[in-house]
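Trainee: coords below, sequence missing:
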């Protein structure tokens, strides 16, 4: 486990547990060893904080590449923190550069790490669950690991879009884990990836109870350092 991540588990995680007392369901579905992909709904920047709080193992998040390449003291600090947390840089421009995130995630998964992906592609603007993008399914097939559906509830109230930090006493936080989905042997053509992704989103919806919207969520410019796929 990276050093800064370990420090966070010893400091930030206990503080969040004390302040918010998040409920956890289905933690038995999180493997004690071996690689897996967590595919979850995305309501708030706080989703990553609470997921990291309740899962005992290291989680590798995908983070926007610009947070690794900034200049000056702020840029150096951002790179230091994200590298120290074991984050995987993602190029948001698309094309071959964007595939570098997959290139980095595949050996991490095969080496036994857990990688977090938010298939909606951005935070939900209205609390609904939007159509998933196929990156998680494509990564699962390439790395040969299962996908674990994750449903997070209440984080949009604890830290709404625009809020700097989670606010205690504003919402009950619940993190739910579904049974692992094993897509081993499934083809990776476009139609199959779409079907697998829809299966994942259906399981997430069962965990959260969100209204499902069968279209992609609108993109928005924000300061969320976590990149989605």
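Mentor: Everything's here; your move. All of these numbers come straight from a predicted model, not from anything done at the bench.

Trainee: Can you point out the buried residues in the top helix by length along the chain?
Mentor: The single longest helix within the chain, with elements called by DSSP state H, is helix 190-208. Going by neighbour count (16 or more other CB atoms under 10 Å), the buried part of helix 190-208 is 192-193, 195-197, 199-201, 203-205, 207-208. The way it works is simple: take the backbone N, C-alpha and C, and place the C-beta from them, glycine included.

Trainee: Repeat that for stretch 150-170.
Mentor: When burial is assessed from 16+ other CB under 10 Å, stretch 150-170 yields the following buried residues: 150-160, 166.

Trainee: Likewise for stretch 54-66?
Mentor: Buried positions in stretch 54-66, judged by neighbour count with 16+ other CB under 10 Å: 54-55, 58-65.

Trainee: Now flag whichever of the buried residues of helix 190-208 is closest to residue 26.
Mentor: In terms of CB to CB, no member of the buried residues of helix 190-208 lies closer to residue 26 than residue 207, at 7.9 Å.

Trainee: Surely residue 38 is within a strand?
Mentor: Yes: the assignment for residue 38 by DSSP: H, G, I helix; E, B strand; the rest coil puts it in a strand.

Trainee: which ones are touching it?
Mentor: 51, 55, 59, 114-117, 147-148, 150 (CB atoms under 8 Å, 6 or more residues apart in numbering).

Trainee: So which of those residues sits lowest on pLDDT?
Mentor: Lowest in pLDDT among the contacts of residue 38 is residue 117, which has 92.

Trainee: all helices for the protein, in order.
Mentor: 3-10, 12-20, 46-54, 66-69, 72-84, 95-98, 100-110, 135-143, 155-158, 190-208.

Trainee: worst average pLDDT in the ones you listed?
Mentor: helix 95-98 (a mean of 54).

Trainee: Could you name whichever residue is most remote from the centre of this protein?
Mentor: For the chain, the largest distance from the centre (CA atoms, centre = their mean) belongs to residue 72, which lies 28.2 Å off.

Trainee: For that one, give its distance to residue 52.
Mentor: According to CB to CB, to the nearest Å, residue 72 and residue 52 sit 27 Å apart.

Trainee: likewise residue 204?
Mentor: With CB to CB as the criterion, residue 204 and residue 52 are 18 Å apart.

Trainee: give me every residue that touches the residue nearest to residue 1 when sequence neighbours are not counted.
Mentor: Sequence neighbours aside, residue 58 is the residue nearest to residue 1 in space, at 4.4 Å (criterion: CB to CB, 6 or more residues apart in numbering). Residues in contact with residue 58, defined by CB under 8 Å, 6+ apart, are 1-2, 5, 86, 113-114.

Trainee: mind putting the residues you listed in a markdown table, distance to residue 127 and neighbour count included?
Mentor: Converted to a markdown table, these look like this (distance: CB to CB, whole Å; neighbours: other CB atoms under 10 Å):
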| residue | distance to residue 127 | neighbour count |
| --- | --- | --- |
| 1 | 33 | 15 |
| 2 | 32 | 14 |
| 5 | 29 | 19 |
| 86 | 30 | 17 |
| 113 | 30 | 20 |
| 114 | 26 | 22 |
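
Trainee: Thanks a lot, catch you later.
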